[in-house]
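**Q** sharing a sequence plus its predicted fold:
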Amino acid sequence: MDANLLKIFIAAGLIAASGGMLGSLALLRRMALVGDALSHVALPGVALGILFHFNPFLGALIFLVFGTFVIWAVEHKTKLPVDTLVGVMFTLALAVGALLTPKEDILDALFGDISNISSLDFWLASITSIVIIILLLMFYKKFTLSLISPDLALAAGQKPHMLELLFLMIFAFAVAVGIKFTGALLMGSLIIIPAATSRNISKSMNQYLTLSALLGVLGAVLGVLVSYFYGFSPGPTFVLFSGAIFFISIFFRR
Amino acid sequence: MPILEVKNLKVRLADQIVLENTDFVLGKGDTLAVIGPNGSGKTTLLRAILGALSYEGEIILAPETRIGYVPQKIDLERDLPITVQEFLLLKSMQGESSAYSPRQALELVNLSADFLKKRIGELSAGEFQRALIAWAVIDRPNLLLFDEPTASVDVAGQETVYELLHRLHDKYDLTLILISHDLTVVYRYANKVLCLNRAQVCFGAPSEVLTPQELEKLYGGGHKFYHHTHEKT
């Protein structure tokens, strides 16, 4: 196996594992579409990175962190209707991103391309994903509790609002690295599909989290393999495989 | 020394006063029943004691007070892939050596160890309520807040939720605050009663303060209240 393929496997696998694990927690509170919506915010950042020749990951991250903070603040510090505002902001970001992104780069920005990953991006994606996984493992009990019942979390002496901010920030990082793999439009699939599949068949929280990560890796490996040999784009291929596994899992619902 | 002292409590939600002029003191081992019509501020009071919302006035807890809380209902999705054991461990993770194990906590509420491996969604309403009580007592609180226990869900022959609470109260010298609509429960289990209607209407021993006049003031005229006792069969 050549070194480049190995690098793609590792990066895609780690990105999908962290996305799957994050997704399993996000799905506890039906936050599945947050990833989808958030990924749009990244697009202007990606575009600016391409235009001004700095790493698009950095541009995406800055916009994402800013975007998540705004959502959190609107939800907890104002009385504005969150979903409406989020809808407006995100489509606005997508429009700005679409106008700014040079034409020849727009497909990569929207659908991702991990097949030409640079050394720097490989390390950025791998290390960020590992840090995300470690953070999620450290805080998973607290996140779980505050996601399934803010009331019980309060009673247990937690600060649900701060935990939510931390969770959203981790979310922002996961989206920033995920965009390299699946692009801004398909980023949500990394969060939603493996976790939804795992939820269909898991009997416990441990199983659910582990399986979400593993299913992410499985989808990534299959997607990268097929795209490598047949020349498809890896992102959409990942989505196709993961989607197929999801539909199979429906027949094995516990 | 009182375990809880509430002084001139006032709570606003969205610029509306939902609770005011509330003053009472609870000693160790007291069982306080909070009664009042819907929207009278009962749950608000519990949430203020928990520190879950901001308020004016004072809520003073004795040092070393640990609060356990059983909410009225929580909107847990039924298909969550989480077992009872995992659910109980979500709380007792703070590494307190004094906490019960999940198995012991279930024993306290009369659920067998078989339930540890069951998913939350597999429990009946009554079993789930017991699991929530187990959750509330797992780290050995000395003040337990209980928002409207429903006795109706119990299987005949088992102890009711109230009997369960009463047993825990006696055994562990718990101080209990429970919201209840059932005056029978108030008379049987509470030694103090607090009547709320967006403000404190009465406070004291049930037999002294729950006069027909007070109840009419609390719930409005036109209702008949009676205190009926259930004989054990």
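**A** Alright, I've got the coordinates.

**Q** ok, now how distant is residue B:81 from chain A?
**A** Distance, residue B:81 to chain A, by C-beta to the nearest C-beta, to the nearest Å: 4 Å. Backbone N, C-alpha and C define where each C-beta goes, glycine included.

**Q** meant to ask about residue B:118, not that
**A** Residue B:118 is 9 Å from chain A, by C-beta to the nearest C-beta.

**Q** name the nearest residue to residue A:12, sequence neighbours excluded.
**A** residue A:220 (4.1 Å; C-beta to C-beta, 6 or more residues apart in numbering or on different chains).

**Q** tell me the buried residues in the helix or strand hosting residue A:33?
**A** Using DSSP states H and E, residue A:33 sits in helix A:32-51. Across helix A:32-51, burial judged by 16 or more other C-beta atoms under 10 Å in any protein chain shown covers A:32, A:34-50.

**Q** up against chain A, what does chain B have?
**A** B:50-52, B:67-69, B:71, B:74-77, B:79-83, B:86, B:89-91, B:93-94, B:119, B:135-136 (C-beta under 8 Å from any C-beta of the partner chain).

**Q** of these, buried ones?
**A** B:50, B:52, B:67-69, B:71, B:76, B:80-83, B:86, B:89-91, B:119, B:135-136.

**Q** okay, and which of these map to strands?
**A** B:67-69 (DSSP state E).

**Q** residues contacting the residue in the stretch 51-200 of chain A positioned nearest to chain B?
**A** Closest residue of the stretch 51-200 of chain A to chain B, C-beta to the nearest C-beta: residue A:155 (3.7 Å). By C-beta atoms under 8 Å, 6 or more residues apart in numbering or on different chains, residue A:155 lies in contact with B:50, B:52, B:67-69, B:71, B:136.

**Q** switch the cut-off to 6 Å
**A** B:50, B:69 (C-beta atoms under 6 Å, 6 or more residues apart in numbering or on different chains).

**Q** the one 3 residues further on now?
**A** Residue A:158 makes contact with residue A:146, according to C-beta under 6 Å, 6+ apart.

**Q** identify the bridge partners of the most centrally placed residue in chain B.
**A** By C-alpha atoms, centre = their mean, the mean C-alpha position of chain B lies nearest to residue B:146, the distance being 1.2 Å. Note on residue B:146: beta-bridge partners by DSSP bridges are residue B:70, residue B:178.

**Q** state which helix of chain A is the longest.
**A** helix A:160-201 (DSSP state H).

**Q** quick check: next helix or strand after it?
**A** Next in line after helix A:160-201, if elements are assigned by DSSP H and E, sits helix A:205-230.

**Q** so where do the strands sit in chain B?
**A** Under DSSP E, chain B gives strands at B:4-13, B:16-26, B:31-35, B:56-61, B:67-70, B:143-146, B:175-179, B:192-196, B:200-204.

**Q** neighbours of residue 5, how many?
**A** Using chain A. 13 (other C-beta atoms under 10 Å in any protein chain shown).

**Q** chain B is the one I meant
**A** Residue B:5 has 16 nearby residues by other C-beta under 10 Å.

**Q** got the contact list for it?
**A** B:25, B:60.

**Q** try it again at 8 Å.
**A** Residue B:5 neighbours (C-beta under 8 Å, 6+ apart): B:24-26, B:58-60.

**Q** now the buried members of those.
**A** B:24, B:26, B:59.

**Q** what separates the last one from chain A, distance-wise?
**A** It stands for residue B:59. The value you get for residue B:59 to chain A, if C-beta to the nearest C-beta is used, is 15 Å.

**Q** the spatially closest residue to that residue that is not a sequence neighbour: neighbouring residues, count only.
**A** Nearest residue to residue B:59, sequence neighbours excluded (C-beta to C-beta, 6+ apart): residue B:6, at 5.4 Å. Counted with other C-beta under 10 Å, residues neighbouring residue B:6 total 23.

**Q** same thing with the one 3 residues further on?
**A** Residues near residue B:9, counting by other C-beta under 10 Å, number 23.

**Q** tell me what angle the lowest-mean-pLDDT helix or strand in chain B forms with strand B:192-196.
**A** Using mean pLDDT, DSSP states H and E, helix B:212-219 stands out as the lowest-scoring helix or strand of chain B, at a mean of 77. For helix B:212-219 against strand B:192-196, the angle by axes from the mean of the first three to the mean of the last three C-alpha atoms, to 10 degrees is 50 degrees.
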